[in-house]
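Undergrad: One predicted model, sequence on top.
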Amino acid sequence: MAPAEQLHESVEGLTITSLLRRNARQFAERPALTTGIGPDAGTLSWSQLRAEVAALTRGLGVLGLSRGDRMLIAMSKRAEHWIAELAAVHVGALPCSTYDTLSTEQIGAVARHSAAAVLVLEGGEQLRRWRPVLDGLPNLRAVVVLDWDAAPADDPRFVGYTAVRGAVPPDDAGFEELTDAVTTDQPLTLAYTSGTTGDPKGVVLSHRNVIHECLMQDQLVGVPDHPRSVAYLPLAHIAERVLGIYMPICNAGHVTICPQPDQLLPTLLTVRPHGFFGVPRVWEKLAAGLRAKLAALPEEQSEAMARAQDTALQVYRLRSDGKDIPEELAESLEQLDAKVLLPVRAAIGLDECRRAFSGAAPIPTGVLEILASVGLSVYEVWGLSETTGAATVSTPEAFALGSVGRPGPGIEVKEVDDGELLVRGPVVFAGYLQADGRVEAATDAEGWLPTGDVGTVDSRGFVTITDRKKEIIITDGGKNIAPTRIESLLRAHSLVAHAVAIGDRRRYVTALLVLDEEAAPLWARANGIADASDLETLARHPEVLAALDQAVSEANAVLSRAEQVKKHRVLAGPWTPETGELTPKLSLRRRAIDEAHAATIESMYV
């Protein structure tokens, strides 16, 4: 049976609710969800997790939440977030996690568009930002608050999470009926896009979409039974929803929640996950840290490390080109990896990682090669919220440096005349939620979804993304230029956290270069610069400017004349979702950058 047919057959009839029941019965005492690390960590087994979901499901029913309703969740990464999500699924409602970086204005837009019947808020911080919009939500029936002490005493719409959870005595038969009532093609979740190029849209995904995506990943790159993983990205991010919530249900895995970004490394060291997904910024930071540590090795260790890295990189490049690995080279790498490279990966908690992926934005190939040189092969995937995450996947057996892999089983990708890529297959979403509650399909009559991404499909089936269709720069001379190619080359320098190519309807291309708040001070200290920790000082320092002048020159050397950066400016940063230049998934908000840095941009065109 072909992989696509096998996968289709495996998905048929499955739902997230039935898989949760399977886990609670077959793997009752196995760990499902752990919060934090160390002596204060708490763990729910699969049977305990489902019991908590059942209790909250009954309480949400008392609040009037029912099939087809929408429920918004605004809370940090904690067990109750998972429980609330899955409880809404059991009553047939559409849960939606919101980014905690949303402004009150953005919160109002999402809440009104979703016509949410129930909100689940964590505590005082969420209440501060959400309360101003509540009176403008005519469909709102209740606001469930985890931290009841933070809730207003004079508003009958508010109810405590604990009270909802304990509102109804156990009813096993009723809960099993709800579990059985869910169907494979029923809507499962609602995810609002991050608004990289416009207003967020409400993406509705079905159980079939999500389960196909999860089983596809397991089919393409195998992991051990009951794999360990770490959930650290926002749960509003499609990648974390799939990898942190749904995939562990599909493969009965064990998720450890990392509530705070600064706890990621200690969490990785404790968990030693079998799989790890990072947006490019995460991998770039990891590569910068590895580069700094390796540069500080004593000479004797440094020479051995260099030999091992060179060997690993040779093998990686041969695999990327689809060539056979000479037996002698493979044996040499196996020996060097065990003695030299494995301890490096162990030092960052990724020594048991079988599935390391990067997605959501382009990643510089130089970063991939740094990671590959220590035996950590990171494979690019590509997709959208509308394709339930990855539509194409790179695997150890089939990848090409700079590409995002091949379409997964049952998925098709094709180019159209203007270079835009279209996707068709079981991961393509049901449609966009409309303000009146309808779900409107976004595919054509043959099922093809326009992705908005421009790219190519080569003779081997590998897909390469060149840019977002809406982000293509068209100079006043009529040249079409892909900014992400330029930006990727500029970001290859360790000083640069973010690069923005500018030039739409202008005479030439310019760039903003934002210093890396972690790597730039390390670079400065290594180069003997005083005040190395002050980014504002570094952004004006002659040695930093000279290094970035050289980085721009090196990028220009491989760019066409029309693509070359004629002028650039160095900014201190940092840029974050809170400062407005980045989306919650750390992609560039180009419109916001143009507005916030208009004066700096204009200074390059005088």
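TA: That came through fine.

Undergrad: Going by neighbour count, list what's buried in stretch 244-262.
TA: Along stretch 244-262, the positions that meet the burial threshold by neighbour count (16 or more other CB atoms under 10 Å) are 244-258. Just so you know, the C-beta spots here come from the backbone N, C-alpha and C atoms, and that holds for glycine as well.

Undergrad: now do stretch 315-323
TA: Neighbour count says stretch 315-323 has V315, Y316, R319, S320 buried, by 16+ other CB under 10 Å.

Undergrad: quick one: which of these sit in helices?
TA: V315, Y316, R319, S320 (DSSP state H).

Undergrad: Could you chop this structure up by domain?
TA: Residue ranges of the domains in the chain are recorded as 3-273, 278-430, 471-603, according to automatic domain parsing.

Undergrad: Need these in JSON lines (columns: mean pLDDT and distance to L449).
TA: Formatted as JSON lines, the domains of the chain follow (pLDDT from 0 to 100; distance: least, CB to CB, whole Å):
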{"stretch": "domain 3-273", "mean pLDDT": "94", "distance to L449": "11"}
{"stretch": "domain 278-430", "mean pLDDT": "93", "distance to L449": "5"}
{"stretch": "domain 471-603", "mean pLDDT": "87", "distance to L449": "19"}
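
Undergrad: I'd like the ones you listed as a markdown table, with distance to E446 appended.
TA: What follows is the domains of the chain, written out as a markdown table (distance: least, CB to CB, whole Å):
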| stretch | distance to E446 |
| --- | --- |
| domain 3-273 | 18 |
| domain 278-430 | 7 |
| domain 471-603 | 26 |
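
Undergrad: I'd like to know which of these lies nearest to F462.
TA: Ranking the domains of the chain by their distance to F462 (criterion: CB to CB) puts domain 278-430 first, at 4.1 Å.

Undergrad: roughly how far is that closest one from the heart of the chain?
TA: 16 Å (CA atoms, centre = their mean, to the nearest Å).

Undergrad: Tell me which of the domains of the chain approaches G461 most closely.
TA: Across these, G461 has its closest neighbour in domain 278-430 (4.6 Å, CB to CB).

Undergrad: V413: what's its closest spatial neighbour, skipping adjacent residues?
TA: Residue nearest to V413 in three dimensions, not counting chain neighbours: P407, with 4.8 Å by CB to CB, 6 or more residues apart in numbering.

Undergrad: quick one: contacts for that neighbour?
TA: Each residue near P407 by CB atoms under 8 Å, 6 or more residues apart in numbering is listed here: A391, T392, V413, V423, G425, G461, V463.

Undergrad: most neighbours, which of those?
TA: Note: the member of the contacts of P407 with the most neighbours is A391, at 29 neighbours, neighbours being other CB atoms under 10 Å.

Undergrad: On the three-state scheme, that one is what?
TA: The local conformation at A391, judged by DSSP: H, G, I helix; E, B strand; the rest coil, is strand.

Undergrad: shouldn't it be in contact with R406?
TA: No - at 10.0 Å, A391 and R406 do not qualify as touching, with contact defined as CB atoms under 8 Å.

Undergrad: re earlier: and W448, which of the domains of the chain is closest to it?
TA: Each of the domains of the chain has some distance to W448 by CB to CB; the shortest is domain 278-430, at 4.3 Å.

Undergrad: and the end-to-end length of the closest one?
TA: Using CA to CA, to the nearest Å, the span of domain 278-430 from its first residue to its last is 26 Å.

Undergrad: do you know how far the residue positioned nearest the centre of the chain is from W382?
TA: When CA atoms, centre = their mean is applied to the chain, the residue found nearest the centroid is A239 (4.4 Å). Between A239 and W382 the distance, using CB to CB, to the nearest Å, works out to 12 Å.

Undergrad: And the contacts of the helix or strand encompassing the residue nearest to the centre of the chain?
TA: Here A239 sits within helix 238-240, counting by DSSP states H and E. Outside helix 238-240, the residues that touch it by CB under 8 Å, 6+ apart are 191, 203, 231-234, 277, 279, 359-360, 384-385, 388-389, 585.

Undergrad: Tell me how far that helix lies from the chain's centre.
TA: Shown here is helix 238-240, whose average C-alpha point lies 5 Å from the average C-alpha point of the whole chain (CA atoms, centre = their mean).

Undergrad: go on, stretch 126-144?
TA: Averaged C-alpha coordinates place stretch 126-144 at 28 Å from its chain's average position (CA atoms, centre = their mean).

Undergrad: can you pull the buried residues of that stretch?
TA: By neighbour count with 16+ other CB under 10 Å, stretch 126-144 contains the buried residues Q126, L127, R129, W130, R131, V133, L134, L137, L140, A142, V143, V144.

Undergrad: got JSON lines for the residues you listed, with secondary structure and distance to T537 too?
TA: Rendered in JSON lines, the data for those read as follows (DSSP: H, G, I helix; E, B strand; the rest coil; distance: CB to CB, whole Å):
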{"residue": "Q126", "secondary structure": "helix", "distance to T537": "37"}
{"residue": "L127", "secondary structure": "helix", "distance to T537": "40"}
{"residue": "R129", "secondary structure": "helix", "distance to T537": "34"}
{"residue": "W130", "secondary structure": "helix", "distance to T537": "39"}
{"residue": "R131", "secondary structure": "helix", "distance to T537": "41"}
{"residue": "V133", "secondary structure": "helix", "distance to T537": "41"}
{"residue": "L134", "secondary structure": "helix", "distance to T537": "45"}
{"residue": "L137", "secondary structure": "coil", "distance to T537": "47"}
{"residue": "L140", "secondary structure": "coil", "distance to T537": "50"}
{"residue": "A142", "secondary structure": "strand", "distance to T537": "52"}
{"residue": "V143", "secondary structure": "strand", "distance to T537": "47"}
{"residue": "V144", "secondary structure": "strand", "distance to T537": "48"}
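
Undergrad: could these be laid out in a markdown table, adding distance to K469?
TA: Below are the buried residues of stretch 126-144 laid out as a markdown table (distance: CB to CB, whole Å):
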| residue | distance to K469 |
| --- | --- |
| Q126 | 35 |
| L127 | 40 |
| R129 | 33 |
| W130 | 34 |
| R131 | 39 |
| V133 | 33 |
| L134 | 38 |
| L137 | 34 |
| L140 | 37 |
| A142 | 41 |
| V143 | 39 |
| V144 | 40 |
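
Undergrad: ok, which pair from these is furthest apart?
TA: Farthest apart among the buried residues of stretch 126-144 - using CB to CB - are R129 and A142, which lie 18.3 Å from each other.

Undergrad: where's P224 relative to I211, distance?
TA: Counting by CB to CB, the separation of P224 from I211 is 20 Å.

Undergrad: For the residue lying closest to L297 once chain neighbours are set aside, pull up the helix or strand it's in.
TA: Once its chain neighbours are removed from consideration, L297 has its nearest residue in M305; the separation is 6.0 Å (CB to CB, 6+ apart). With secondary structure defined by DSSP H and E, M305 is part of helix 299-320.

Undergrad: tell me the angle of the helix or strand following that helix relative to helix 299-320?
TA: Past helix 299-320, further along toward the C-terminus, the next helix or strand under DSSP H and E is helix 327-336. Helix 327-336 runs at 130 degrees relative to helix 299-320, counting by axes from the mean of the first three to the mean of the last three CA atoms, to 10 degrees.

Undergrad: so of the buried residues of stretch 244-262, which ones are in strands?
TA: When DSSP state E is applied, those are split such that H254, V255, T256, I257 fall in strands.

Undergrad: Nice, that's everything, thank you.
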